[in-house]
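Enquirer: Show me the folded form of this:
(chains A and B, ligands or ions: 1)
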Amino acid sequence: MPKRLLAFSDQTAIAGVGYTPFAKNSGVSTLTLACRAVLAALDDAGLSVDEVDGLATHRVGDSAAPTLVGPALGLMDLSWHLDQFGGGSVSHAVVGQAALAVATGMAETVVCYRAINARSEFRMGGTGRGVPVSPEVQYQAPYGYVAPPQQYAMYARAHMLKYGTKAEHFGLLAVTQRANAAKNPRALMRTPITLDDYLAGRWIAEPFRLLDCCLETDGACAVVVTTAERARALRRPPVLISAAAWGGGTTHLSGAGADPTVTAAAALAPRLYAQAGIGPGDVDVAELYDCFTYSVIVQLEDYGFCAKGEGGPYVASGATAAGGPLPVNTHGGFLSEGYVHGMNHIAEAVSQLRGDAGERQVPGAEVALSTAQPGYILPATSALILRRA
Amino acid sequence: MAGYRPERDRDSREWWERIGRGEFAVQVCDACGTARFPARAFCARCRTEGAHWREVAPEGVVESWIVNHQPFVPGLRAPYVVVMVRLAEVPGCFVYGNWRGLRPPEHGERVTASYTRVDADLTLVDWRPGP
Ligand SMILES: [Zn+2]
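Expert: Residues are numbered from 1 along each chain as shown, chains lettered A, B, ... in the order given. The predicted model follows:
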């Protein structure tokens, strides 16, 4: 167990967030989306473009690199940049890397962004793009097994078989997040749904129905990372980065993982909490990666909010709804707000800690957990703990 | 089936060749005897190269399965079932294939490999109920 990293915890902060609108077809390039989100985040922070000395993103061959976005905004000499390969597994790692760069002085003001036309150009769900490049794909794709909704459905059923998790648990999670989205002007899906609506949804890959799956979205989101000291002098209340952690995972083909119902988050969580000097009971609001309903249920267990196997009943108890002990995905998440691969979870956590989340504000929120894809499929995961300054 | 043809690499070629002969084999580490799948150069346990192929029982138990209601890969016809099998002789290892049972799979049931010859160059491993 690593000791608390005094040279890192709370040394950096998120000073601004920015979004483009979320849409089914943005009508513009990912380069344009990235520039718009970066400018919006800088405007939120009250910073000019010329003050930026770092840019960071992650992508899977589907978006504009920092080396493209920088010059497009007239930034010809970035002192630090990161072009991380990966999807939702590394979304939070990008902000963690930026915080490391700022904490060590490699850069002072880094804008982290994710820009995707995930609906109109590159659909993660299996159409419009080629089969992923990985040696393990050859043992799966010939059987028609290749897309994230299938892989997550496979793990979800394993969890149902082992622990008795039910379709109703997945459904109540989708219903709860939609209720949150109804209070979020950015959300793509704001019409409330019922458990019956969920159960009536068409099958995608059993046990998953339509409303188990997130919204493939066009859009971009960005956050500004700078020193805590500098953030205090800016326009917005600073949100401190108390902990950033990276984790492994398993493809469940390599023999590394004997239990498909446990994610890499279970190993990452203790070092994440230790870094921040807190435990799960101290978390006021959690934005948990929700590519699919099951992803949230397994993370509630692996991040220690309930016992292993109890994620479904925990959601059914109302614990994760607005007003419950642990409000989860207060913006509606990928299931109802939109799918920007993780950056929109971080931005929502920042809003909650600044107290500017409007109708969906969690009263008095001081500590937030925000997480990336918990380590299925691509064996990697990452997470952040953020704190009101 | 086989809307997608596997891209064999330098590690996996022999696996596919053996499957083409109806032989279900995995690599076994020369140094420590650990069996591994999929095929690769290093033993993750003792970190040495050097392995030999050993034919193992093409058997396992059903860990999970999905019923696909859309063709996620061009050339497939929905609905189709993909099953996740825990291999009996390679601890901690899962393999996938299409289900060749007349009824849905059951959790924990014993299954056996069923070879599906697509053409002269490609044989796939599916799974059927029973030993
Ligand atoms: Zn060995």
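
Enquirer: And whichever strand or helix holds residue A:42, what's buried?
Expert: Per DSSP states H and E, residue A:42 falls inside helix A:30-45. Residues A:30, A:32-42, A:44-45 are the ones in helix A:30-45 that count as buried (16 or more other C-beta atoms under 10 Å in any protein chain shown). Glycine gets a C-beta too; all of them are placed from N, C-alpha and C.

Enquirer: and that helix, C-alpha only, in CSV?
Expert: Extracted C-alpha coordinates of helix A:30-45, given in CSV (Å, rounded to 0.1, in the frame of the first residue of the first chain):
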residue,chain,number,x,y,z
THR,A,30,-13.6,16.2,-34.0
LEU,A,31,-10.9,18.9,-34.4
THR,A,32,-13.6,21.6,-34.3
LEU,A,33,-15.3,19.9,-31.4
ALA,A,34,-12.0,19.7,-29.5
CYS,A,35,-11.2,23.4,-30.1
ARG,A,36,-14.7,24.4,-29.0
ALA,A,37,-14.5,22.4,-25.8
VAL,A,38,-11.0,23.7,-24.9
LEU,A,39,-12.1,27.3,-25.5
ALA,A,40,-15.2,26.8,-23.4
ALA,A,41,-13.2,25.3,-20.5
LEU,A,42,-10.7,28.2,-20.6
ASP,A,43,-13.6,30.7,-20.7
ASP,A,44,-15.1,29.0,-17.6
ALA,A,45,-11.7,29.3,-15.8
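
Enquirer: Could you tell me how many residues sit around residue A:190?
Expert: Here the count is done by other C-beta atoms under 10 Å in any protein chain shown, and residue A:190 has 17 residues near it.

Enquirer: could you say which helix or strand contains the residue nearest to the spatial centre of chain B?
Expert: Among the residues of chain B, the one closest to the centroid is residue B:95, at 4.5 Å (C-alpha atoms, centre = their mean). Secondary structure from DSSP H and E places residue B:95 in strand B:94-98.

Enquirer: Do a quick rundown of the helices in the chain.
Expert: You didn't pick a chain, so chain A it is. Taking DSSP state H to define them, one finds helices in chain A at A:30-45, A:66-72, A:91-104, A:148-163, A:167-181, A:195-200, A:228-232, A:265-276, A:293-302, A:311-316, A:333-336, A:343-354.

Enquirer: hm, I was asking about chain B
Expert: Assigned by DSSP H, the helices in chain B fall at B:13-20.

Enquirer: hmm, who's touching the lowest-mean-pLDDT helix or strand in it?
Expert: Per-element confidence for chain B was summarised using mean pLDDT, DSSP states H and E. The lowest value among helices and strands belongs to strand B:35-36, with a mean of 90. By C-beta atoms under 8 Å, 6 or more residues apart in numbering or on different chains, the residues outside strand B:35-36 that reach it are A:255, B:26-29, B:43-44, B:51, B:54, B:56, B:89-91, B:93.

Enquirer: Greatest separation within those: which pair is it?
Expert: The span of the contacts of strand B:35-36, defined through C-beta to C-beta, is set by B:44 and B:56 at 17.9 Å.

Enquirer: before we move on, back to that, just name the closest of the buried residues of helix A:30-45 to the ion, please.
Expert: Nearest to the ion among those is residue A:30, at 44.4 Å by C-beta to the ion.

Enquirer: how far away is the closest one from residue A:218?
Expert: Here residue A:30 is placed at a distance of 9 Å from residue A:218 (C-beta to C-beta, to the nearest Å).

Enquirer: what touches both of the two?
Expert: A:116, A:117, A:121.

Enquirer: Is it possible to mark the buried ones in these?
Expert: Neighbour-count burial within these applies to A:116, A:117, A:121; the criterion is 16+ other C-beta under 10 Å.

Enquirer: List the residues that contact the first one.
Expert: In this case it means residue A:116. Per C-beta under 8 Å, 6+ apart, neighbours of residue A:116: A:30, A:33, A:59, A:62, A:63, A:122, A:217, A:218, A:219, A:220, A:340, A:341.

Enquirer: what do you get for the second one?
Expert: Neighbouring residues of residue A:117 by C-beta under 8 Å, 6+ apart: A:25, A:26, A:29, A:30, A:33, A:62, A:218.

Enquirer: Number of residues surrounding the nearest residue to residue A:46 once chain neighbours are set aside?
Expert: Once its chain neighbours are removed from consideration, residue A:46 has its nearest residue in residue A:235; the separation is 3.6 Å (C-beta to C-beta, 6 or more residues apart in numbering or on different chains). By the criterion of other C-beta under 10 Å, residue A:235 has 12 neighbours.

Enquirer: show me what contacts residue A:235?
Expert: Applying C-beta under 8 Å, 6+ apart, we find residue A:235 in contact with A:44, A:45, A:46.

Enquirer: Domain boundaries for chain B, per the record?
Expert: When chain B is parsed into structural domains using automatic domain parsing, the resulting residue ranges are B:7-55, B:57-131.

Enquirer: what would the contacts of residue A:235 look like in CSV with distance to the ion and pLDDT?
Expert: Conversion of the contacts of residue A:235 to CSV gives the following (distance: C-beta to the ion, whole Å; pLDDT from 0 to 100):
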residue, distance to the ion, pLDDT
A:44, 53, 98
A:45, 52, 98
A:46, 57, 98
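
Enquirer: Can you mark which positions in stretch B:54-73 are buried?
Expert: Of the residues in stretch B:54-73, those scored as buried under the neighbour-count criterion (16+ other C-beta under 10 Å) are B:56, B:58-60, B:62-73.

Enquirer: typed the wrong thing, it's stretch A:157-177
Expert: Judged by neighbour count (16+ other C-beta under 10 Å), stretch A:157-177 contains these buried residues: A:157-163, A:165, A:167, A:169-177.

Enquirer: anything in that stretch near chain B?
Expert: Yes. Between stretch A:157-177 and chain B, judged by C-beta under 8 Å from any C-beta of the partner chain, the touching residues are A:157, A:158, A:161.

Enquirer: re the thing from before, parallel or antiparallel, which strands does the strand holding residue B:95 pair with?
Expert: Applying DSSP bridges, strand B:94-98 is found paired with strand B:80-87 (antiparallel).

Enquirer: Could you list the residues in contact with the partner strand?
Expert: Counting by C-beta under 8 Å, 6+ apart, strand B:80-87 makes contact with A:143-145, A:150, A:154, A:158, A:252, A:260, B:1, B:37, B:56, B:59-68, B:93-99, B:104-105, B:111, B:127, all of which sit outside it.

Enquirer: Report the angle between it and helix A:148-163.
Expert: Relative orientation of strand B:80-87 with respect to helix A:148-163: 50 degrees, computed using axes from the mean of the first three to the mean of the last three C-alpha atoms, to 10 degrees.

Enquirer: Give me every residue in chain B lying close to the ion.
Expert: By C-beta under 5 Å from the ion, the part of chain B that sits against the ion consists of B:29, B:31, B:32, B:34, B:43, B:45, B:46.

Enquirer: Contact partners for residue 41?
Expert: Using chain A. Contacts of residue A:41 were listed using C-beta under 8 Å, 6+ apart, and they are A:16, A:17, A:18, A:111, A:113, A:222, A:223, A:224.

Enquirer: Chain B, not that one
Expert: Applying C-beta under 8 Å, 6+ apart, the residues near residue B:41 are B:11, B:49.

Enquirer: One more: residue A:372?
Expert: If you count contacts by C-beta under 8 Å, 6+ apart, then residue A:372 has A:88, A:89, A:90, A:91, A:92, A:93, A:289, A:342, A:381, A:382, A:383 around it.

Enquirer: Which of those residues sits closest to the ion?
Expert: The ion lies nearest to residue A:381 out of those, by C-beta to the ion, at 27.1 Å.

Enquirer: what is the closest one paired to in the beta sheet?
Expert: As for beta bridges, residue A:381 partners with residue A:247 under DSSP bridges.

Enquirer: ditto for the one 5 residues further on
Expert: Beta-bridge partners recorded for residue A:386 (DSSP bridges): residue A:241, residue A:368.
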